[in-house]
Every structure is written in structure tokens, then in C-alpha cells.
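>>> Quick one: sequence and predicted model below, then my questions.
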There are 2 protein chains.
Amino acid sequence: MAAEIRLDVALVHYPVVNRKNEIIGSAVTNLDLHDIARAGRTFGVNTYWVVTPYRRQQELARQITDHWTEGYGGTANPDRAGALSLIRIQPGLDGVIAAMSEAGGTPPLVIATSADRCTNSMTYAGLQRELKRGTHVLLLFGTAWGLAPELVQKVNAVLPPIQGVGEFNHLSVRSAVSIILDRLLGNREGEYTL
Amino acid sequence: MAAEIRLDVALVHYPVVNRKNEIIGSAVTNLDLHDIARAGRTFGVNTYWVVTPYRRQQELARQITDHWTEGYGGTANPDRAGALSLIRIQPGLDGVIAAMSEAGGTPPLVIATSADRCTNSMTYAGLQRELKRGTHVLLLFGTAWGLAPELVQKVNAVLPPIQGVGEFNHLSVRSAVSIILDRLLGNREGEYTL
């Protein structure tokens, strides 16, 4: 690969939908921070953005992150510090895109993920090509029952849902992030041929 | 695919190792049950074995599973019932292998996973071929810092570690299961070319 790969991940807590397809805000969870940070660190993600407009939730995310990067957790478990140091907290996606634009010189390509098939889709291979060509990419994941439609309509493209063997597609967001990062960035050299 | 694929997953809580490589028993966690059951259901896993010799831990795993399959959780969230109904609890791997042997007519091919490179390894493509040929496979995952060496020495083969971009390989077991099931069984038709 010639160009340096730059992929950021955002975990969105608002606006997302609930089971009835209503717009809600979801709660930050400890394990979403840890599991996604560990996967992000494994696959070379640049920044893991935790997006919530709620002040108390931002504080909670910051306390957890600080414990593992600057506090006792980081001393006891340096690997975990390396993972959680990827986390940045933002109230909304506008702030994420502004920060990425400033750091990268141009706005990122914003790609949503969804458990449903969307019209505006880009294949995994297509996104892999963009990454290898050096395009800065922001990959959005929704908590609860997924990203709000108003948000999905504004992105550049949407990745196809992860398909298993049947109709069931209720992966946790932690599993979805892990699988998608592996599909885009996993090193399968000598291990795997389709 | 001609033959029916039969893959079982076992999450081992004993014997596993801690950070200092000492043999320990780990605790059952709610999210390991949920996330791995949801990934298992997505990718067509037959049974998700939760392996712990501790009575109280078996009871805890059973209470959580029952709540979501027979209790209120299953009524409120039927998708979750579909996932958690894959779970069976066993005190040790001998019981898992005996149950699989009885159900399948022959003992399963037992494959371990590890964050380290092992001599007795089988590629993802190799295991995929075994599955497509109809071989019954039991895939072992360790909690804490991974499966005890005494256990890894007894299996038929070990899958290579999941590699990202650097040396960091501290994925959660939930992420590792998700990625490995996707590598073996994910349907990438039209979405993905390496």
C-alpha cells in the first residue's frame, strides 16, 4: 500500500432509533468503549469518536477513558491504555467532521453502516480501494437499533449489512465494528483465500 | 455447498490463563452470553456451549439464558430469544465432545483459537473446506488471557491469530468470535473481493 490509511470510527448515541423506529438517545456503556477501542487499536484505526450530546454521558465516557489512560487502570494494564487512548468525545458529528477536516486538510468520506440494505451503498471492496488510495474515511456506527434515517441520508455512502446464513441480523454493535474493521483492514496474508 | 455445515462454539471459563500465564477459572459474564449468541445465530452456529465447572456460575448462566428464552425477556425481545436459545451449559469440554459425538455420530474436529501463533495450525481456508465438506467442528475460545496450554495441546488444530496492522492483539473474546465466524461463514456475495 502506497498511501497511509486513515480510518476513524464514530459510535453514535444520538440520533439513533429504538425498536419502534422512534428517534432516541442511548446511554454510553463501558463495554462499547473497551471492545471497540481494542478492535480499533488492533486494526490501526486513527480515532474512535464517542458521540453523545448529553453532558453527563460525556463525563462518564471521559471518566472511564481517563481511568484507563491516565489513572490506575493504565498502570495495571498498559495494553488497555493503548486502546482507550484512541477515544475522543464529541457532542455531535459536525464536531467530528470539523476536527477530521482540520487534521486532514479535507473533509472525510463519511460512510454509514446499517443492518438494512440501503440504495446509496458502497461495497467493502470499494471502500477498501478508497482507503488504500489515502482517502480519509469516517465510519459511523449506531447504538440501540441503529443510526437515525435523517443521518443515513446525509452520508456519502452506506456499507451493505453483514450477512450470515439466514434472515437474522441482530449483531451487537461491538460485533459489527469488529467484523467490518476485519473486512476492511484485516491482514489475511497466507491465512485465507476465498 | 453440498453438505450441511455444522459448527459449534465453546466459550471456555476453565482452564484458561491470566496475564501472568497462571491457570485460572474466569467468571461468566452477561455480555459474553449475549454478544456471542447473537453472532452465533447470525452465522448459523448450531450450539453455543458455555463451559464452566463452577456450579454457581452454571446457575447464573442458566438464569440469564432462561430469562431471555422462556421468561419475560423472550416475550419482549423474540430475536434475543432466538439467539440465546443456542446456549447449552457444560462443566467441561469432555461433556461437550460427548454430546456432539452422540448427536453427530462421530467426534467433532476440535479447533482452538489463540492470540499466539501455534505450530499445529490450520488456515481459515482449510477449516472452511472442512466445514463445506460436512465435517462437524467444535471451535474453542478462551476467556481471560486465553485457553490454557494443556488444552491447546490436545486439540486437532489451532487457527492463526487475528492480525491487524501491528503488534497489538488484545481483542475481546466477543470481537474474536465475531470476526472468526465472519471469516468462516460470512456471506460476502457481491459485496467483497480480496
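That came through fine.

>>> and A:Val9, what is it in contact with?
Contacts of A:Val9 were listed using Cβ atoms under 8 Å, 6 or more residues apart in numbering or on different chains, and they are A:36, A:40, A:45, A:47-49, A:138-139, A:141, A:177, A:181. For every residue, glycine as well, the C-beta is placed using N, CA and C.

>>> ok, and of the residues you listed, which contact chain B?
Near chain B, taking Cβ under 8 Å from any Cβ of the partner chain as the test, the members of those found are A:177, A:181.

>>> Return the distance of A:Cys118 relative to A:Glu167.
Distance, A:Cys118 to A:Glu167, using Cβ to Cβ, to the nearest Å: 17 Å.

>>> Comparing those two, which residue is more hemmed in?
A:Cys118 (18 against 7; other Cβ atoms under 10 Å in any protein chain shown).

>>> And the pLDDT at the more buried one?
Looking at A:Cys118, its pLDDT is 88.

>>> give me every residue that touches the nearest residue to A:Thr52 once chain neighbours are set aside.
The shortest distance from A:Thr52 to any non-neighbouring residue, by Cβ to Cβ, 6 or more residues apart in numbering or on different chains, is to A:His13 (4.0 Å). Going by Cβ under 8 Å, 6+ apart, A:His13 touches A:25-28, A:50-52, A:54, A:57, A:143.

>>> same question, A:Ile24
Counting by Cβ under 8 Å, 6+ apart, A:Ile24 has contacts A:14-18, A:144.

>>> for it, phi and psi?
phi -140, psi 170 (degrees, to the nearest 10).

>>> give me the low-pLDDT residue ranges for chain A?
Across chain A, the ranges flagged by pLDDT under 70 are A:1-2, A:189-194.

>>> Okay, strands next: where are they in it?
For chain A, applying DSSP state E gives strands covering A:7-12, A:16-17, A:23-24, A:48-51, A:87-90, A:109-112, A:137-142, A:157-158.

>>> Mind listing the strands the fourth one pairs with, and their directions?
When pairing is defined by DSSP bridges, strand A:48-51 lines up against strand A:7-12 (parallel), strand A:87-90 (parallel).

>>> Would you mind pulling the contact partners of the last one?
Strand A:87-90 is contacted by residues A:10, A:33, A:37, A:47-52, A:58, A:61-62, A:65, A:96, A:99 when judged by Cβ under 8 Å, 6+ apart.

>>> what do you get if the cut-off is 6 Å, keeping everything else the same?
A:37, A:47-51, A:58, A:61-62, A:65, A:96 (Cβ atoms under 6 Å, 6 or more residues apart in numbering or on different chains).

>>> Please identify the residues of chain A in proximity to chain B?
Contact residues, chain A versus chain B (Cβ under 6 Å from any Cβ of the partner chain): A:31, A:35, A:38-39, A:41-44, A:79, A:123-125, A:160, A:163-165, A:168, A:170-172, A:174-175, A:178-179, A:182, A:187, A:191-194.

>>> Go again with 7 Å.
Residues of chain A lying close to chain B by Cβ under 7 Å from any Cβ of the partner chain are A:31, A:34-35, A:38-39, A:41-44, A:79, A:82-83, A:123-125, A:160, A:162-166, A:168-172, A:174-175, A:178-179, A:182-183, A:185-187, A:191-194.

>>> Can you turn the buried part of those residues into a ChimeraX selection?
For the buried members of those, the matching ChimeraX selection, counting by 16 or more other Cβ atoms under 10 Å in any protein chain shown, is:
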select /A:34,35,38,39,41,42,43,44,82,83,123,124,160,162,163,164,168,169,170,171,172,174,175,178,179,182,183,185,186,191,192
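
>>> Tell me the one of the contacts of strand A:87-90 nearest B:Ser114?
The closest of those to B:Ser114 turns out to be A:Ala37 (Cβ to Cβ; 21.9 Å).

>>> Now do the helices in chain A.
Assigned by DSSP state H, chain A shows helices spanning A:30-42, A:55-69, A:72-76, A:78-84, A:93-104, A:124-132, A:149-152, A:173-185.
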